[in-house]
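**Q** Structure of the sequence below:
(one chain, ligands or ions: 2)
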Amino acid sequence: MAKPKRRFVCSSCGSVTNRWQGQCVDCGEWNTLTEEAPATVFSAKHDLSSGGRAISFEPLDMPGRALVRRSTGIDEFDRALGGGLVPGSAILMGGDPGIGKSTLLLQASASVAKAGGTAVYISGEEATGQIRLRAERLGVASAPIKLAASTSVRDILTTLGDMEPPALLVIDSIQCMHSDQIEGAPGTVSQVRGCAFELIRYAKENGTALVLVGHVTKDGSIAGPRVLEHMVDVVMAFEGERSHQYRILRNLKNRFGPVDEIGVFAMEGHGLAEVGNPSLLFLSGRENTIAGSAVFPAMEGTRPVLVEIQALIVRLQSGATPRRAVVGWDNGRLAMLLAVLEARCGLNFSSAEVYLNVAGGYRLADPAADLAVAAALVSALAEKPLPREAVWFGEVSLAGEIRPVAHAGLRLRESAKLGFAHAFGPEDKSLSGKNGAARETGGRHTSVQLLPNLVDRILGGE
Ligand code: TYD
Ligand code: MG
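**A** Ligands and ions are numbered 1, 2, ... in the order given. Purely as a prediction, here's the structure:
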């Protein structure tokens with residue numbers, strides 16, 4: 001019989017090779033290849049085209065069980081999930097250490113249990129005493145959660161097999177779990193994959209909503225094989241700056257709903273509090289008449305969030321190389337915008353240090369931020385405050401044109417509602433009525449076609 005081939009699996013991307021290498025050829029990570037138990041020679045021994053059971057085919061439109069979602073009791077969590085927990089689904093939740101994953105899931109388990117569902121919370125990282133202390137702090141100690149500390153998948157599944165399947169099963173975390181059927185220490189690729197497979201199979205067969213907590217690596221992706229993300233139905237990321245109070249629960253993959261919804265929370269003394277209306281969250285404490293500050297209506301899923309963009313420009317006397325520092329936005333994008341302002345608008349930043357900050361620890365990913373950043377930069381350079389009720393949005397091209405962006409109407413409406421009645425943005429036929437009055441948005445929309453027009457406007461003090 002042929003000697004079975006050796007298998008090496010990358011712990012970062014899950015790719016398989018048959019010899020060891022220092023660097024994974026697929027993802028380029030170093031020292032991530034580890035040897036796995038040899039592949040079975042099952043397929044060599046068996047002819048797979050006979051001897052199985054015939055499977056039956058079904059039509060697509062067969063009336064099946066309606067999808068009934070169960071509320072987690074936390075509206076923002078439900079919203080990020082796309083409307084609540086789907087029975088029999090598997091959710092993977094990643095996030096930096098200390099961001100609040102265990103806190104959120106304990107709160108959700110408590111409200112599911114209080115609402116009459118069975119909630120099982122298995123911790124592989126903390127002792128039950130620690131979790132009980134946390135539950136007291138969260139004010140949920142009286143909730144009838146079934147709590148246990150265990151890292152053995154066999155023990156967990158045996159216990160679950162002897163009881164009514166729970167509505168919610170939380171495994172904190174999948175990297176601590178261990179199966180005695182698989183070789184290797186907890187956290188290795190094959191262990192994580194094998195344990196997740198067994199737990200997901202239990203969830204699918206019993207209609208239990210399963211939440212797996214996953215550790216993240218330095219660059220923010222979920223540790224262990226990428227295959228874990230393929231195995232589950234929903235992938236969520238819990239984000240935020242630990243030094244700031246606000247946390248955003250983002251949906252990265254969802255087999256049962258949209259992925260553009262987020263949940264917003266604030267970490268408080270007694271756990272995570274929901275922030276139902278986040279639009280003004282990142283604007284609090286803003287001074288009106290400071291040069292270099294522009295308000296940007298960012299979109300988070302279908303919700304607009306107003307954020308303040310601050311720019312500071314310091315002229316250098318000597319010929320030293322000026323610094324550019326950015327917090328909360330892309331470095332390369334700032335360099336591009338500065339180049340466009342120099343090349344198309346005749347402004348000179350070459351002997352000036354440029355600092356850009358997005359207030360409140362918020363991270364901007366929306367490409368529509370370009371125009372607001374440009375407005376903040378020009379205002380800082382000219383030392384002229386921008387009009388206090390103005391918001392700015394639009395994408396800037398290398399030629400200095402302002403390009404249309406998605407959800408202009410929503411951005412305008414929310415800004416107007418919060419007292420920012422004058423929006424500067426790209427021309428949008430669906431928005432502007434005859435004399436600049438924005439249709440149905442309650443605010444005024446001034447269309448800007450070219451960046452030089454905007455610069456003239458700000459420098460002209462309009
Ligand atoms: P935790 O849920 O343990 O994070 P994770 O499971 O993602 O690692 O959250 C721990 C942090 O949350 C810790 O730094 C303290 C903070 N915290 C509060 O501020 N208030 C609270 O009521 C609780 C329970 C935690
Ligand atoms: Mg934890």
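
**Q** Help me confirm that T159 is found in a helix?
**A** Yes - counting by DSSP: H, G, I helix; E, B strand; the rest coil, T159 falls inside a helix.

**Q** How many neighbouring residues does it have?
**A** Neighbour count of T159, defined by other Cβ atoms under 10 Å: 15. Quick note: C-beta positions are derived from backbone N, CA and C, even for glycine.

**Q** and it, what is it in contact with?
**A** Neighbouring residues of T159 by Cβ atoms under 8 Å, 6 or more residues apart in numbering: A148.

**Q** For the residue in the stretch 201-350 of the chain that ligand 1 sits nearest to, name its beta-bridge partners.
**A** Relative to ligand 1, the nearest point of the stretch 201-350 of the chain is G271 (4.2 Å; Cβ to the nearest ligand atom). Here G271 shows beta-bridge partners E268, assigned using DSSP bridges.

**Q** Identify the residues contacting it.
**A** T103, Q107, R137, L138, G139.

**Q** are any of the residues you listed buried, and which?
**A** Among the contacts of G271, those classed as buried by 16 or more other Cβ atoms under 10 Å are T103, Q107, L138.

**Q** Spell out which parts of the stretch 201-350 of the chain neighbour ligand 1.
**A** Counting by Cβ under 6 Å from any ligand atom, the residues of the stretch 201-350 of the chain lying close to ligand 1 are M267, G269, H270, G271.

**Q** Please identify which pair of these lies farthest apart.
**A** M267 and H270 (10.0 Å; Cβ to Cβ).

**Q** any residues in contact with both of these two?
**A** Residues touching both M267 and H270 (Cβ under 8 Å, 6+ apart): none.

**Q** Quick one: residues in contact with the helix or strand that contains I131.
**A** Assigning secondary structure by DSSP states H and E places I131 in helix 128-138. Where contact means Cβ under 8 Å, 6+ apart, the residues beyond helix 128-138 that reach it are 102-103, 106-107, 110, 121, 123, 141, 143, 145, 147-149, 270-271.

**Q** In strands only, show me these.
**A** Using DSSP state E to define strands, the subset of these located there is Y121, S123, L147, A148, A149, G271.

**Q** Dump those to a markdown table, plus pLDDT.
**A** Output for those, formatted as a markdown table (pLDDT from 0 to 100):
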| residue | pLDDT |
| --- | --- |
| Y121 | 96 |
| S123 | 95 |
| L147 | 93 |
| A148 | 93 |
| A149 | 94 |
| G271 | 89 |
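
**Q** Helices of the stretch 301-450 of the chain, start to end?
**A** With DSSP state H, counting those that start in this stretch as the criterion, the stretch 301-450 of the chain has helices at 331-345, 370-382, 408-417.

**Q** Please identify the deepest-packed of these.
**A** Greatest average neighbour count among these goes to helix 370-382 (a mean of 25), per mean count of other Cβ atoms under 10 Å.

**Q** on contacts alone, who are the packing partners of that helix?
**A** strand 293-300, strand 303-315, helix 331-345, strand 352-358, strand 390-392, strand 395-396, strand 422-425, helix 451-459 (3 or more Cβ pairs under 8 Å, 6 or more residues apart in numbering; DSSP states H and E).

**Q** check contacts around D428.
**A** So D428 contacts P404, A408, H445, S447 (Cβ under 8 Å, 6+ apart).

**Q** how much space between it and E229?
**A** 37 Å (Cβ to Cβ, to the nearest Å).

**Q** swap in P59?
**A** From P59 to E229 the distance is 30 Å (Cβ to Cβ).

**Q** neighbour count winner among these two?
**A** Set P59 next to E229 and count neighbours by other Cβ under 10 Å: E229 wins out with 17 against 5.

**Q** Double-check that that one belongs to a strand.
**A** No - counting by three-state DSSP, E229 is not part of a strand but helix.

**Q** From A196, how far off is it?
**A** For E229, the distance to A196 - Cβ to Cβ - is 10 Å.

**Q** again with F393
**A** Distance, F393 to A196, using Cβ to Cβ: 41 Å.

**Q** same deal with G161?
**A** Applying Cβ to Cβ, the value for G161 to A196 is 18 Å.

**Q** So between the two, which is more surrounded?
**A** More crowded of G161 and A196, by other Cβ under 10 Å: A196, with 26 against 10.

**Q** all helices for the stretch 101-250 of the chain, in order.
**A** Going by DSSP H, counting those that start in this stretch, the stretch 101-250 of the chain shows helices at 101-114, 128-138, 153-161, 189-206, 227-231.

**Q** residue ranges with poor pLDDT in the protein?
**A** 1-4, 37-51, 62-66, 218-225, 284-288, 430-441, 461-462 (pLDDT under 70).

**Q** and the residue nearest to the spatial centre of it, what does it touch?
**A** Nearest to the geometric centre of the chain sits R250, at 3.5 Å (Cα atoms, centre = their mean). R250 makes contact with A80, M236, A237, F238, E239, I262, according to Cβ under 8 Å, 6+ apart.

**Q** Run through the bridge partners of the third one.
**A** Beta bridges link A237 to G94, R250 when assigned by DSSP bridges.

**Q** Does it touch L92 like I think?
**A** No - in this structure A237 lies outside contact range of L92 using Cβ atoms under 8 Å: 9.5 Å.
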